[in-house]
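# Sequence and predicted structure, then a few things I'm wondering about:
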Protein chains: 2
Amino acid sequence: MANTIAPQLSPLTTTDQNLYEQVADRIQALIREGTLAPGDRLPSVRKLKQQLSVSMSTVLEAYRLLEDRGFIVARPQSGYYVKTTTLPDEPSQSAPPAQVRPVDISLMLRLLRMGLAPGMIHLGAAVPGMENFPLNTLNRLMGQVMRADPLAVHAYRTVPGCEPLRREVAKRMLNAGCSISPDQIVATAGATEAYYLALRTVTQPGDTVVIESPAYYAILEAMNSLGLNALELPTHPQDGISLSAFQSALENQSVAACILVSNFSNPLGSCMGDRKKKALVELLNQYDIPLIEDDVYGELSFDGSRPKAIKAFDTEGRVIYCSSVSKTLSPGLRVGWCIPGRYQQQVEHLKVVVSHMTATAPQLAVAAFFANGGYDRHLRTLRHAYQQQMNRMHQAILDYFPPETRVTRPRGGHVLWVEITGEFDALELFEEAIHHSISIAPGPMFSASHGYQNCFRLNTGLPWSDKIEQAMKTIGYLAKKQLARKMLAS
Amino acid sequence: MANTIAPQLSPLTTTDQNLYEQVADRIQALIREGTLAPGDRLPSVRKLKQQLSVSMSTVLEAYRLLEDRGFIVARPQSGYYVKTTTLPDEPSQSAPPAQVRPVDISLMLRLLRMGLAPGMIHLGAAVPGMENFPLNTLNRLMGQVMRADPLAVHAYRTVPGCEPLRREVAKRMLNAGCSISPDQIVATAGATEAYYLALRTVTQPGDTVVIESPAYYAILEAMNSLGLNALELPTHPQDGISLSAFQSALENQSVAACILVSNFSNPLGSCMGDRKKKALVELLNQYDIPLIEDDVYGELSFDGSRPKAIKAFDTEGRVIYCSSVSKTLSPGLRVGWCIPGRYQQQVEHLKVVVSHMTATAPQLAVAAFFANGGYDRHLRTLRHAYQQQMNRMHQAILDYFPPETRVTRPRGGHVLWVEITGEFDALELFEEAIHHSISIAPGPMFSASHGYQNCFRLNTGLPWSDKIEQAMKTIGYLAKKQLARKMLAS
C-alpha cells in the first residue's frame, strides 16, 4: 500500500518549518492515524521524491528524522518500514481509596533527599534537558531589556507584574482557547508560587481538596504544608480524573477545591478532551467549587495541536489558571503566571505578602522571547525532541523491562508512568537503583496515602544517550531480579 | 576655637575615598561629637589648607560637601559656620495598648491603593532613589554570569540558593558580628519572602506575635494573612522595644515569636545598642522564643559603622535573620536571604513549597557585585546621600512644619517618623496631600490597632529636589491649616 500514500499527504506549504520536517510530519500523521500500519513498507525514496516533487535529500532527511523519532526503521537492502513495536498495555484507571486523609510527605522528603546525591542519572525528577534550548538568545534579550531601562528593571514595581509579559501571556492564552486581558494576569515565581497562592487563597487548614491520583508530588507537599486533607480521585491515564467520582465526592462531603495538571499531566500524562473539560467546569459551577489548573505542559503536545485549558470553559471565574516557562524555556528564571478569575484581588494581595513582587528582568526577558525570540519555533523543536525521547524510552522499556510492565502513552509532556503488575516494590527498586547512581521517582511519592507501591515515574525530558540507555537497562534488570526473587520467596 | 581643629583631625590616610571626603568626614565627626558646636566658625579655607597640607580646592570641596550634607552653612563675606538648626524634639517612647489583638489591615490596603495613583511624589513608600545606583555595573555582571554558564543559570537548582551568593553573604555577615557558614544561608525573593517563611515556620494561626510599635506595615500584612495576633510593645525611637515590657508579656501570656527590624528600624529609625541586643537574646533563651530579625537597613548607618545584628548574640539558634539588597542595590532583582538557625530545615522545606527556588541569575549577579562590583564604595556614597537627604528633610520640617511637630533622628536608614502633638489627624492630611499628588504614610498603617492617628512616615530615600522641597512645604501648609481649623472648631 505504501506506494500510494502521496495523495493522502496534505499539500506542503511554505512555512518557516523545513520542507523535510513537513514531509516527516505528514507521514507521521499517517502512522498515528493507522493509514500506515506497523510493518508497512514506506515508499522508496525515489518514488516519494517524484510524488511530492521534492529533492532526494529532502526525503532522505525526512526518513532519517522519522527514524530518530522512533516511528520507522531502515532494513538494509530493503527500505524503510513502520516500526512494529507493540507497546505494553497502559495502566488502567487508578482506584485510590475513596477516603479523605491528611497528606503524609515524610517518605517523599526522604526519597527526594536521597535522589539529590551528586553524580546521579536523573530519571526521577521531571526536568527538561536544556542542552539545545535557545539560552544564548534568551540571555541576549535579558541583556537588552536590562540596558533599555535600568531604573525600571531594578526599582520596586506593583505586584501584578510587568505589562509586556502579561500582554504576551494573554496572546498565547488565545491558543489555549482563553480570551484573557493582560490585567487579569499576575506574574509569579514559576507555577509553584502560582498554585501555592491559589491554594492558600481558596482553602483553610483542615479543608479537603480533591486531587488526581497519582498526583504531582509538589502539589502534595504544598497541601501538607497548608494543613489540607486530600481526597484522591480515580484517574485514567488517557483523560484524567473520573467526573462521576468527582460528582459523588461533591455530593457526599464538603470539598474546598480541586487541583490538577490539566494537559499531559504529571505523572500520568493524561489530557482531558474538550467535552470533559466543559463538563468539569459545569460541575464546578453547580457545586460552587474553585479549581486550580496547572498547565505547565500544555504547549508540549507531540502533534503540535495545543489542547485547550480548562480555563477556556470557565464561565464564572472559578478556575485559577497557573503556568510557567519552567518546562519549555528556563526553570532558573522563575517566571510563571496566575490567572485567578474571581479570586484575583486575594491572589494579588497574597503575592505581596509572600514575596512582594516577581523579579522584573526575568519577566521582561521572557516577554521579549515570546515576542521576538522564536518561541514557537523552539516549541516545535522541543515537541519533536520530547516525542523522540519518549519513543526511545518506550523502546527501552520494551527491550529491557519485565513482561509484567505497563506504561502510559502520553500525547505530550515528558514523563512516563510505569506499573509493574504483581508483587513488586518500587521503593526497593529505587534504593537499588540509587546504588547504581540512577534515580527514579517511586509511586508512593505521588499519593497522599503512599499508594502505587508497584509504580514509578520516569522523566523523558533528557536527550537520549548511551548513559540513559544503560540506565534503563539497569532498571529493567533490577526489576526483573526483584520479580524473580519475590517469585522464589513466595 | 575653630582655628585649632587641625590637631584633632585624625591623619588623612591613603584609601580609595577621595581626599576631600576624608576631610569632610573628619570635620563632620567633630561636629557630631560636639567639639565643633552649633554656631562655631570653621577655620578659613586658607588656614585648613595649611594645617592639613592639602590643596585649596580640596578644602573647598570638603566644605561644599558638608554644606550639602546639611552640617555647615556659608555666610557671605564671613566664612563657614556649624549649622544652628535645632531639630524638633523626638517623639517619646510609644505606649500602645498592652493587649493582644488581631491585625486589621483594611485601612492599610485602602491607603496603599490610593497612594498608587500615577504621578505621585512618593514620600510615603520606603523606596530608594536609584538614579545614582551602579546599575550599569550590576547589569554588566548579570550578563557575565549568564554567559559564563547558561545551562547552570537556567536549570533547576536545589533550594538553599547559589553557593557564590551564600559565600559572599557569609563574608558580609562578619561585619554584622556574625560568624555564619555559607550553608546556613537560604536565598529568598527579598527579605519579604524570608520573613514570610520565618513567620510561617514558627507560628500557627491564632498565635500571638510580639512586634514593635509602630511596626513596618508589610509585617502587619504578613501577620494578618497568617491569622496571627499582635502584641505591640512600647518602642523608643532611639533604641527600640522596651525589654521590660517584652519580659512582662512573656511572663503573662503565651507568645509564639517576636519580629522586628533591628537596625535603623522602619518606621522609627531605632537601633538597639549591643548590650540591649544581648539582653534581648537572653530573654529569648530564657523563655524559649524565636525572634525574626529584619536587617535590611543594617548597612546604612550614617557614620559608616555597621551595627551588629541581633543574630550576632544568638547562642542557641533562635534568631531567624532576614535581609536583602532591596534598600541598597536593587529591589527589582528580588535577592534576599534568610539565616534560620535551628529552623533551617523547616525554612528550606517551606521555600520549596512556596516558590521552589529563587531565580539564579539575579543571585549570581548580586554575588558578583558583592565580590567585585564595588559594593562597599557604593554603600559609602549611599550612606552619605541618605544622610544628606535626611538632613534636608529635617531642615524642611523645621522650615515648613507647625511648631507642634516632633520628628525622629535616626542614625541610619532612610525613613523619618513625624508626630504632630495635639489634635491632629494624619489620615486627613493623607487625603488632602493626595489631592496635591503627594503621598505620605499615615501612622495608623503601622499599628495593628490603628493607633498613631497623629503620626506619619516620610521617605528620605529620594535625592533632594525642588519638587520634594515644594512637597514638604505643601505638607507643612496642610498640617498647619488642619491644626488651625481644629483649633477654631473646638
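Sure thing, it's come through. Residues are numbered from 1 along each chain as shown, chains lettered A, B, ... in the order given.
# Please make it C-alpha for all contacts and neighbour counts, starting now.
Will do.
# and the residue most central in space within chain A, how far is that from B:A471?
Centroid-nearest residue in chain A: A:G413, 3.3 Å away (criterion: Cα atoms, centre = their mean). Using Cα to Cα, to the nearest Å, A:G413 is found at 56 Å from B:A471.
# do A:L283 as well
Taking Cα to Cα, one finds A:L283 at 56 Å from B:A471.
# any idea how far the nearest residue to A:P134 once chain neighbours are set aside is from A:Q17?
Closest residue in space to A:P134, ignoring its immediate chain neighbours: A:H378 at 7.5 Å, by Cα to Cα, 6 or more residues apart in numbering or on different chains. Between A:H378 and A:Q17 the distance is 11 Å, computed by Cα to Cα.
# Between the two, which is the more surrounded one?
Comparing A:H378 with A:Q17 by other Cα atoms under 10 Å in any protein chain shown, the one with more neighbours is A:H378, at 15 against 12.
# helices and strands around the helix or strand hosting the more buried one, which ones?
Secondary structure here is read from DSSP states H and E; on that basis A:H378 sits in helix A:375-400. Under the contact criterion of 3 or more Cα pairs under 8 Å, 6 or more residues apart in numbering or on different chains; DSSP states H and E, helix A:375-400 touches helix A:466-489.
# ok, and what's touching the helix it packs on?
For helix A:466-489, the surrounding residues in contact (Cα atoms under 8 Å, 6 or more residues apart in numbering or on different chains) are A:121, A:396-397, A:400-402, A:423-424, A:429, A:432-433, A:438.
# for A:A74, what are its contacts?
A:67, A:80-81.
# One more: A:E21?
Listed by Cα under 8 Å, 6+ apart, the contact partners of A:E21 are A:62, A:65.
# Can you report how many residues lie near A:G373?
Residues lying near A:G373 (other Cα under 10 Å) number 18.
# can you tell me how far it sits from chain B?
16 Å (Cα to the nearest Cα, to the nearest Å).
# quick one: pLDDT of that residue?
Here the pLDDT value assigned to A:G373 is 86.
# And for the nearest residue to it once chain neighbours are set aside, the neighbour number?
Spatial nearest neighbour of A:G373, excluding adjacent residues (Cα to Cα, 6+ apart): A:T137 at 6.7 Å. If you count neighbours by other Cα under 10 Å, A:T137 ends up with 15.
# Next: A:I259.
Count around A:I259 with other Cα under 10 Å applied: 21.
# On the three-state scheme, it is what?
strand (DSSP: H, G, I helix; E, B strand; the rest coil).
# Surely it touches A:V210?
Yes. Using Cα atoms under 8 Å, A:I259 is in contact with A:V210, at 6.5 Å.
# Local confidence estimate at A:A170?
pLDDT, read off for A:A170, is 98.
# brain fart, A:N132
84.
# That one: how many residues sit nearby?
Residues lying near A:N132 (other Cα under 10 Å) number 12.
# secondary structure element for the residue nearest to A:G373?
Using DSSP H and E, A:T137 sits in helix A:135-148.
# lowest average confidence, helix or strand, in chain A?
Here the helix or strand of chain A ranked lowest by mean pLDDT, DSSP states H and E is helix A:106-115, holding a mean of 80.
# and that one, which residues are buried?
Going by neighbour count (16 or more other Cα atoms under 10 Å in any protein chain shown), the buried part of helix A:106-115 is A:108, A:111-112, A:115.
# Could you export that helix as PDB, CA atoms only?
Only the C-alpha atoms of helix A:106-115 are listed here, as PDB (Å, rounded to 0.1, in the frame of the first residue of the first chain):
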ATOM      1  CA  SER A 106       7.800  12.100  55.200                       C
ATOM      2  CA  LEU A 107       8.600   9.400  52.700                       C
ATOM      3  CA  MET A 108       8.700  11.800  49.800                       C
ATOM      4  CA  LEU A 109      11.200  14.100  51.600                       C
ATOM      5  CA  ARG A 110      13.400  11.100  52.400                       C
ATOM      6  CA  LEU A 111      13.300  10.000  48.700                       C
ATOM      7  CA  LEU A 112      13.900  13.500  47.400                       C
ATOM      8  CA  ARG A 113      17.000  13.900  49.600                       C
ATOM      9  CA  MET A 114      18.400  10.500  48.600                       C
ATOM     10  CA  GLY A 115      17.800  11.400  44.900                       C
END
